[in-house]
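# Got a predicted structure plus its sequence, pasted below:
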Amino acid sequence: MAINPPIDATSTPAWAALQKHYDELQAEGIDLKKWFADDPERVKKLSFEAGDLHFDLSKNLITDETLRLLVNLAKEVKLDERIKQQYTGVHINNTEDRAVLHTALRRPVEDEDKYIVDGQDVVKDVRDTLKKIYAFAEDVRSGKWTGITGRKIDTVVNIGIGGSDLGPVMAYEALKPYADAGISARYISNIDPNDLAEKTKGLDPETTLFIIVSKTFTTLETLTNAREARTWLLEELTASGAISDGDEAQKAEAIKKHFVAVSTNLEKVEEFGIDPENAFGFWNWVGGRYSVDSAVGTSLAVVYGPAQFEEFLHGFHEIDEYFANTPFEKNVVALMGLVNVWYRNFFKAASHAVLPYDQYLHRFPAYLQQLTMESNGKSVRWDGTPVTTETGEIFWGEPGTNGQHAFYQLIHQGTQLIPADFIAFANTPNPVKDGDQDVHELFLGNYLAQTKALAFGKTADEVRAEGTPEEIVPARVFKGNRPTTSILGVALTPFSLGELIALYEHITLVEGTVWGVDSYDQWGVELGKQLAKQITPAISKDDDALAAQDASTQSLIKFYREHREF
Ligand code: F6P
């Protein structure tokens, strides 16, 4: 099925109505305090449950009318059609002529035969690959799979970058309390040799297993690091006497025991020297940044076990089903995406903070940066025409409470509007008391206080009433009306982590559809890759290549050549 040309959101009646509505709200004055006072039902109307997550959108700069118009906009840009096309494998990633089927990665086995895409029974293939991954994971966890000297693996080292790193490392950090097999993981991504140097420090090569993760198996950073890791392993095993120098058969056996791969390109895996038997595949309909729940998550299946990985998949699926089957008016996933559009295009908010009140989620904002910004940082639409409005917010964040003592000042009192999502959980795996005070409740007190302060602020009169000298009253005023969404879960589990990831995946789809962009290509990373290939020879010796560079690049290289010490 061919995809339709994008509908220009800015020329829809809903857009014009939203602009008028925005202008009216600005003229009247946006006042959350008043909106709460005037409408006792506001919180009820703007609270939602999806899966086991609770959402409170009441502290956003939205009214019933805003949501009604945003839902109209979703309908006018045919969001429902785009969702359906995505879920059923239409090639909506048209610049790469690919289906976008990450939702099939978490479909239950009962869905086999229901999703035949381009002649492939995608759910069956997914389940078959999972079986292979789970068998491997069980073998490593039980000690049946050993290193070359027969010792149990205690560390897996994932080598990958972008989507082949950010999802796995984020989820590894998030789920640490679930590690139950005496296996830990490390993640090497950067081609900067410092990354590999630090991450291999203290590792015992006999008990280390490398998982090379690359969708294409051509990524410079990953293949360079994989070769370095192979050299490191063989040198260390030789130095300790575990294998003999010059014994090629032993070397090949060591690679077999200590290297596995995840890729869509099994030929290249074999070329690298990894036994294709020890490779886990996925498909070109899984985008890198949408792949943590594919074989790309193999390190997670090893560390946390197949049962927890299945729970992770169930969490994604819960939100996939909710999103696809809930009318937009009540669909908090769709509404969050639409409210982001409201801020980006009408309030001109350029950035969006995601602030998890859970230390285990400390890599979640970094993960979301690739998911959202590589997806929607586009200037042309899926038919090649220029976009007609701003696209792609800058997503960023850090866990609370740390952020409170760093950048929250700017969110509270700065001149920019920065919508923020606050994420917390009712339960902690580490309950602690400080005297009589439950520390998790102290933590939650902060989570609640921040959104309250941002929404309702503090007036000059309230500041004065505290006895503040008049000259510093203005500095202590909080204007309020700073929008936040609160997400509260029961506990951070594999299931709820899957839910959270799926939530943001679909928010990205909603925004991308309104803007008419192909959220699933990433051509913007290509030019830098090409130029790096051209420039690298100029750095050390090739004077012709140097002369071919622009003046700024030449000058930087000259400085480098004058100062290098090796
Ligand atoms: O940065 C571009 C990109 O293609 C990402 O989309 C992808 O996640 C990353 O590189 C890694 O690619 P691969 O898994 O093919 O090594």
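Okay, I see it. Residues are numbered from 1 along each chain as shown.

# Poorly predicted segments of the stretch 1-150 of the chain, please.
Segments of the stretch 1-150 of the chain classed as low confidence (criterion: pLDDT under 70) are 1.

# So what's the gap between stretch 484-500 and the chain middle?
Distance of stretch 484-500 from the chain centroid (CA atoms, centre = their mean, to the nearest Å) equals 14 Å.

# Any idea how far apart the tips of that stretch sit?
From the first residue to the last, stretch 484-500 extends over 17 Å; the measure is CA to CA, to the nearest Å.

# same deal with stretch 536-546?
9 Å.

# List the buried residues for it?
Buried residues in stretch 536-546, counted by 16 or more other CB atoms under 10 Å: 538, 545, 546. C-beta here means a position set from N, CA and C on the backbone, and glycine is covered the same way.

# Dump those residues to JSON lines, plus distance to residue 344, pLDDT and secondary structure.
JSON lines is the format used below for the buried residues of stretch 536-546 (distance: CB to CB, whole Å; pLDDT from 0 to 100; DSSP: H, G, I helix; E, B strand; the rest coil):
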{"residue": "538", "distance to residue 344": "40", "pLDDT": "95", "secondary structure": "helix"}
{"residue": "545", "distance to residue 344": "42", "pLDDT": "93", "secondary structure": "helix"}
{"residue": "546", "distance to residue 344": "42", "pLDDT": "95", "secondary structure": "helix"}
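
# mind listing the helices in the stretch 1-150 of the chain by residue range?
When assigned using DSSP state H, counting those that start in this stretch, the helices of the stretch 1-150 of the chain occupy the ranges 13-28, 32-38, 42-45, 64-76, 79-87, 122-142.

# just so I know, which of those lies nearest residue 418?
Residue 418 sits nearest to helix 32-38 of all the helices of the stretch 1-150 of the chain, at 15.4 Å, using CB to CB.

# From the ligand, how far out is residue 21?
Residue 21 sits 37 Å away from the ligand, going by CB to the nearest ligand atom, to the nearest Å.

# how many neighbours does the residue in the stretch 251-400 of the chain positioned nearest to the ligand have?
For the stretch 251-400 of the chain, the residue closest to the ligand is residue 288, as judged by CB to the nearest ligand atom, at 2.5 Å. Other residues near residue 288 come to 25 when the count uses other CB atoms under 10 Å.

# hang on, the earlier thing: nearest to residue 498, of the buried residues of stretch 536-546?
Taking CB to CB as the measure, residue 498 lies nearest residue 538 of these, at 46.0 Å.

# Give me the spatial nearest neighbour of residue 17, chain neighbours excluded.
Taking CB to CB, 6 or more residues apart in numbering as the measure, residue 17 lies nearest to residue 69, with 5.1 Å between them; neighbours along the chain are not counted.

# Next to the ligand, which bits of the stretch 251-400 of the chain? Give me the list.
Proximity of the stretch 251-400 of the chain to the ligand (CB under 6 Å from any ligand atom) is limited to residues 288, 289, 374.

# can I get these in CSV with distance to residue 342 and secondary structure?
Converted to CSV, these look like this (distance: CB to CB, whole Å; DSSP: H, G, I helix; E, B strand; the rest coil):
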residue, distance to residue 342, secondary structure
288, 29, helix
289, 24, helix
374, 23, helix
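
# from those, which single one is nearest residue 424?
When these are compared for distance to residue 424 (CB to CB), residue 289 wins out at 24.9 Å.

# wait, isn't the closest one in contact with residue 375?
Yes. Using CB atoms under 8 Å, residue 289 is in contact with residue 375, at 6.8 Å.

# Dump the helices of the stretch 1-150 of the chain to JSON lines, plus distance to residue 560 and mean neighbour count.
Output for those, formatted as JSON lines (distance: least, CB to CB, whole Å; neighbours: other CB atoms under 10 Å):
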{"stretch": "helix 13-28", "distance to residue 560": "50", "mean neighbour count": "14"}
{"stretch": "helix 32-38", "distance to residue 560": "53", "mean neighbour count": "14"}
{"stretch": "helix 42-45", "distance to residue 560": "58", "mean neighbour count": "13"}
{"stretch": "helix 64-76", "distance to residue 560": "51", "mean neighbour count": "19"}
{"stretch": "helix 79-87", "distance to residue 560": "46", "mean neighbour count": "19"}
{"stretch": "helix 122-142", "distance to residue 560": "43", "mean neighbour count": "18"}
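
# Adding distance to residue 467, write the ones you listed out as JSON lines.
Listed next are those as JSON lines, based on distance: least, CB to CB, whole Å:
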{"stretch": "helix 13-28", "distance to residue 467": "34"}
{"stretch": "helix 32-38", "distance to residue 467": "23"}
{"stretch": "helix 42-45", "distance to residue 467": "33"}
{"stretch": "helix 64-76", "distance to residue 467": "39"}
{"stretch": "helix 79-87", "distance to residue 467": "53"}
{"stretch": "helix 122-142", "distance to residue 467": "62"}
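
# Chain neighbours aside, what residue packs nearest to the residue in the stretch 401-550 of the chain that the ligand sits nearest to?
For the stretch 401-550 of the chain, the residue positioned closest to the ligand under CB to the nearest ligand atom is residue 525, at a distance of 4.1 Å. Computed as CB to CB, 6+ apart, the closest residue to residue 525 that is not its neighbour in sequence is residue 374, at 7.5 Å.
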